[in-house]
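Asker: just the structure for this:
(one chain, ligands or ions: 1)
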Amino acid sequence: MSNKRPIILVVGARPNYMKIAPLHKELESRGVNQMLLDTGQHYDEKMSKVFFRDLGMPRPDICLGVGSDSHARQTAKIMVEFEEFCRQHDPQMVVVVGDVNSTLACTLVAAKMNVKTAHVEAGLRSRDREMPEEINRIVTDSLSDILFTPSLDGDENLKNEGVGDEKIHFVGNIMIDSLFDILDKCHQSEILESLGLIGSDYGIVTLHRPSNVDEHLAFSSIVEALEHIGKSNKLVFPMHPRTKKNATEMGLIPRIEEIPGMEIIEPQGYLDFTALMASAKFVLTDSGGLQEEATALRLPCITLRSNTERPITISEGTNRLVGNQKADIIRGFADSMNGDYSPAPLPKYWDGVTASRIADIIVEGME
Ligand code: UD1
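Answerer: Now for the predicted structure:
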């Protein structure tokens, strides 16, 4: 099989790595000729390289090194570089994951070059087109030939958009494969010790959505809520570079630092972040992936958004949407802390072997 034209696995930004690592391993074990391509959308050591190490992924075969820019320029740069790469390597299939700009850009290129595209984490919809990721999801799904869904709401969304049944494969949540793997290694992390958190109750805060951190009004309303919650709760806040930059420009850093019990830290790698989550009491976040990881860990998740593309984390999980207004966050937080999150069965196919199901279907579709 290894002489055949390669399959290209695309990663670009932080949430992509844990979705590609288990699939890369499965395809490797089946002897598939694959190449790992990193667009370089994320480039900081802490946003990118450390994940390769933590996930046991090989170094990428190629990095396009595109870096940060406006949406149009970043997407366009990836497209130009990826088209050239495809010309040189003549892939038989491109596999993209998630909903970041790299996902969209590489799908567009592959579709125009008539290269088969597979999308892992297909069908999710927030129905909020102000989210750049929603645009990326809609376009990626409409152009992809093979659609791997993490939950059955994804199948429904795709069918409602007119996608044929034969393209849709409900395979489960591949991020849970990586989560189960890393949980076994969390004892190797020294993060709890180094932050003095052993035996203490704390919550994790993560923020990076443009709708929360790009506008002063929204960001300061969230900071006010954190000021309230932080009076009686220890908070650990690994700060995304975008959030740090905006908070600095808006003069919000001193206010956040002054919150009693608040610890601002650098973005963490996958091992240390999962170790932090596994011992936390709650998560306050606007991330997509964390809603799922919190559900898998049965950890109350208070999501600072008014919608989610992952509704199963509410119907079958620990997630609660609270928006970004101070009073709603404080009320939602209190309700979540009074909730019952005793162990319950996880959603179907969140079982740690999604990558194997995907690899079987990919191999079947190969030339
Ligand atoms: C991207 C994804 C988002 C995902 C998030 C996870 C898109 C549209 N958004 O958002 O879906 O949830 O990644 O982190 O693809 N920066 C650095 N170093 C880096 C990367 C970014 O300093 O390694 C800073 C730069 O100032 C940059 C800003 O963060 O301008 C935004 O980066 P970008 O990749 O455009 O989007 P994210 O907000 O990270």
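Asker: show me where the stretch 1-150 of the chain has strands.
Answerer: With DSSP state E, counting those that start in this stretch as the criterion, the stretch 1-150 of the chain has strands at 7-11, 34-38, 62-63, 93-97, 116-120, 146-149.
Asker: next one: the helix or strand hosting residue 276 to chain centre, how far?
Answerer: Element membership for residue 276 (DSSP states H and E) is helix 270-278. Computed by Cα atoms, centre = their mean, to the nearest Å, the chain-centroid distance of helix 270-278 equals 14 Å.
Asker: for the helix or strand following it, which outside residues touch it?
Answerer: The first helix or strand that comes after helix 270-278 along the chain, using DSSP H and E, is strand 282-285. Applying Cβ atoms under 8 Å, 6 or more residues apart in numbering, the contact partners of strand 282-285 are 203-207, 226, 229, 235, 277, 290-291, 294, 299-304, 329, 333, 336-337. (Each C-beta comes from the backbone N, C-alpha and C, glycine too.)
Asker: follow-up on the earlier one: reformat the strands of the stretch 1-150 of the chain as CSV; add mean neighbour count and distance to the ligand.
Answerer: Converted to CSV, the strands of the stretch 1-150 of the chain look like this (neighbours: other Cβ atoms under 10 Å; distance: least, Cβ to the nearest ligand atom, whole Å):
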stretch, mean neighbour count, distance to the ligand
strand 7-11, 28, 12
strand 34-38, 22, 12
strand 62-63, 17, 12
strand 93-97, 27, 12
strand 116-120, 25, 15
strand 146-149, 24, 18
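Asker: and those as TSV, adding distance to residue 26 and mean pLDDT?
Answerer: Output for the strands of the stretch 1-150 of the chain, formatted as TSV (distance: least, Cβ to Cβ, whole Å; pLDDT from 0 to 100):
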stretch	distance to residue 26	mean pLDDT
strand 7-11	11	98
strand 34-38	10	98
strand 62-63	21	98
strand 93-97	11	98
strand 116-120	12	98
strand 146-149	13	98
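Asker: now those in a markdown table, with distance to residue 184?
Answerer: Shown next, in a markdown table, are those (distance: least, Cβ to Cβ, whole Å):
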| stretch | distance to residue 184 |
| --- | --- |
| strand 7-11 | 23 |
| strand 34-38 | 23 |
| strand 62-63 | 29 |
| strand 93-97 | 22 |
| strand 116-120 | 23 |
| strand 146-149 | 25 |
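Asker: which one of those strands lies nearest to residue 218?
Answerer: strand 93-97 (28.4 Å; Cβ to Cβ).
Asker: and that closest one, what does it pack onto?
Answerer: strand 7-11, helix 14-29, helix 101-112, strand 116-120 (3 or more Cβ pairs under 8 Å, 6 or more residues apart in numbering; DSSP states H and E).
Asker: got the contact list for residue 221?
Answerer: 324-326.
Asker: correction: the previous question concerned residue 128.
Answerer: 134, 306-307.
Asker: picking that back up, tell me which of the helices and strands packed on strand 93-97 is the most buried.
Answerer: Most buried of these, by mean neighbour count (mean count of other Cβ atoms under 10 Å): strand 7-11, with a mean of 28.
Asker: which residues touch that strand?
Answerer: Contacts with strand 7-11, where a contact means Cβ under 8 Å, 6+ apart, come from 16-17, 20, 23-24, 27, 32-39, 60, 82, 85-86, 89, 91-97, 102-103, 106, 362, 366.
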